[in-house]
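Student: What would the 3D arrangement of this be:
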Amino acid sequence: QGNFLDDETIEKVKEGMTREQVRFVLGDPVLEDSFSKDSWEYIYYLRVGRKQLTYKERLTVYFEDDKVSKLTRHESEKPDV
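Tutor: Below you'll find the model as predicted:
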C-alpha cells in the first residue's frame, strides 16, 4: 500500500526541485500536512506472506519557498522472505 519507493527513484529528488517535479518523480504524496504546507509524506507498507511480516518506509519531503529543502527517510528492517 502507498507509494513504492526504491533507492533509484528517491535519489532523483534533489534540493531546489519544485513541487510539480517531485510529484512527477514520486507521485502524489500520501499525506499533506493541513497545518503546514511545507512537507509531504510518502509512506509504503509491504506485508509478506502468511507470517504477516511488515516492512514500512516513510519519506518526508520538506519544502521552503515551494522548493525541496531536505528529505528524511525512515525505514524498518526488511523481513526475510
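Student: what's the lengthiest helix in the chain packed up against?
Tutor: Determined from DSSP state H, the single longest helix within the chain is helix 19-26. With contacts taken as 3 or more C-beta pairs under 8 Å, 6 or more residues apart in numbering; DSSP states H and E, helix 19-26 sits against helix 7-10, strand 39-48, strand 53-64. Where C-beta positions appear, they are placed from N, C-alpha and C, glycine not excepted.
Student: relative orientation of that helix and strand 53-64 in degrees?
Tutor: 160 degrees (axes from the mean of the first three to the mean of the last three C-alpha atoms, to 10 degrees).
Student: Now do the same for Thr60: its pLDDT.
Tutor: pLDDT, Thr60: 92.
Student: what's the burial count for His74?
Tutor: 10 (other C-beta atoms under 10 Å).
Student: What is the least confident helix or strand in the chain?
Tutor: Using mean pLDDT, DSSP states H and E, strand 31-32 stands out as the lowest-scoring helix or strand of the chain, at a mean of 67.
Student: still on that earlier bit, specify the angle between the longest helix of the chain and strand 39-48 in degrees.
Tutor: Angle between the axes of helix 19-26 and strand 39-48 is 10 degrees (criterion: the same axes, to 10 degrees).
Student: I would like the residues contacting helix 19-26, please.
Tutor: Applying C-beta atoms under 8 Å, 6 or more residues apart in numbering, the external contacts of helix 19-26 come out as 3, 5, 9-10, 12-13, 17, 29, 40, 42, 59, 61, 63, 66, 68.
Student: Give me the buried stretch members for that helix, please.
Tutor: For helix 19-26, the neighbour count (16 or more other C-beta atoms under 10 Å) marks 22, 26 as buried.
Student: Run the chain-centre distance for that helix.
Tutor: From the chain centre to the centre of helix 19-26 is a distance of 11 Å (C-alpha atoms, centre = their mean, to the nearest Å).
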